[in-house]
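Undergrad: quick one: sequence plus predicted model below, questions after.
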Amino acid sequence: MQAVLSELKQAVLDLKMDEVDRLTRAAHEQGVKPEQIIQEALVEGIREVGDLFARGEYFLPELLVAGQSVQAALSFLEPYVVNAQQASAGKFLIGTVKGDIHDIGKNIVTMLLRCNGWQVEDAGVDVDSGTFCRLVAEGDFDIVGLSALLTMTMPALKETVAALDEAGLRDKTRIMIGGAPLTQEFADEIGADGFGRDAWDAVNKAADLLNTSRAA
């Protein structure tokens, strides 16, 4: 079981799209839980691809190929992801902040949220603070999820949280952040309500925030 997950992670790193597809299906056929395939192979693989990109060893074409292979694998696994939360559905707005075009982490979180009964609106990538403010003002979202993969786009998270606060929208929603360079300490520093360490943690934290809001 662990062998196929290691091979799958390596296939993501090696940009072998056909192998990613084959090994994802093989792992599923061997009875590996979808969440294990996602977290231990696909997420870990794409995280290392992101690290290579940040170090200048991979470039945008490699990033796109890896992203496409992981997205295809996620599409295959989506019907098999069971509802583990058993929580009341909420409304979730998610987007990658200004200056960052990465969407794999966001897409994984989106898939898992939907599989757990959430209504999710995906704002896309490279989303500026004004757009987030407009969407929150127009919508009725329980939680706003802000994603950033690059260290250099972390200031955009702080800017967006501040913009929502200045626009008087913080009473309408809770704010979560997530992404490879982020920490709980950074979330606390910028005034976010929650931090998702990984995709599954983000879903759990979202349920906790939702339940806390409804109990208040």
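TA: The structure has been received and is ready for your questions. Because the structure is predicted, anything quoted here is derived from the model rather than measured.
Undergrad: quick check: mean pLDDT of the helix or strand containing Asp165?
TA: Under the criterion of DSSP states H and E, Asp165 resides in helix 154-166. Helix 154-166 comes out with an average pLDDT of 97.
Undergrad: and what of stretch 119-138?
TA: Mean predicted confidence for stretch 119-138 is 96.
Undergrad: quick one: the helices in the chain?
TA: Ranges of helices in the chain, per DSSP state H, are 2-13, 17-29, 34-36, 44-54, 60-77, 104-115, 129-138, 154-166, 184-190, 199-215.
Undergrad: domains for the chain, by residue range?
TA: 2-80, 91-215 (automatic domain parsing).
Undergrad: deepest in the core, which of those domains is it.
TA: Stretch with highest mean neighbour count among those: domain 91-215 (a mean of 19; mean count of other CB atoms under 10 Å). From N, CA and C alone the C-beta is placed, and that goes for glycine too.
Undergrad: now that domain, how far from the centre of its chain.
TA: Mean-position distance between domain 91-215 and its chain equals 9 Å (CA atoms, centre = their mean, to the nearest Å).
Undergrad: check stretch 26-46 too.
TA: 16 Å.
Undergrad: now do the end-to-end distance for that stretch.
TA: 19 Å (CA to CA, to the nearest Å).
Undergrad: what residues does it touch?
TA: 1, 4-6, 8-13, 23-24, 66-67, 70, 73-74, 76-77, 80-82, 84, 104-105, 108, 112, 198-200 (CB atoms under 8 Å, 6 or more residues apart in numbering).
Undergrad: same thing with stretch 173-192?
TA: Residues outside stretch 173-192 that contact it (CB under 8 Å, 6+ apart) are 47, 50-51, 93, 105, 109, 136, 141-151, 154, 157-158, 161-162, 164-165, 193-198, 202, 205-206, 209, 213.
Undergrad: quick one: low-confidence residue ranges for this protein.
TA: 82-88, 214-216 (pLDDT under 70).
Undergrad: help me confirm that Ala206 comes into contact with Val120.
TA: No - the criterion here is CB atoms under 8 Å, and Ala206 misses it with Val120 at 10.1 Å.
Undergrad: can you pull the residues that touch both of those two?
TA: Phe92, Leu113.
Undergrad: check contacts around the nearest residue to Ala156 once chain neighbours are set aside.
TA: Counting by CB to CB, 6 or more residues apart in numbering, Val97 is the residue found nearest to Ala156 once chain neighbours are left out, at 3.9 Å. Counting by CB under 8 Å, 6+ apart, Val97 touches Asp126, Val127, Leu146, Ser147, Ala148, Thr153, Ala156, Leu157, Thr160.
Undergrad: okay if I get those as CSV plus distance to Leu42?
TA: Listed next are these as CSV, based on distance: CB to CB, whole Å:
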residue, distance to Leu42
Asp126, 23
Val127, 24
Leu146, 22
Ser147, 16
Ala148, 20
Thr153, 22
Ala156, 26
Leu157, 24
Thr160, 27
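Undergrad: now, the most widely separated pair of those?
TA: Pairwise distances across those (CB to CB) peak at 13.4 Å, for the pair Asp126 and Leu157.
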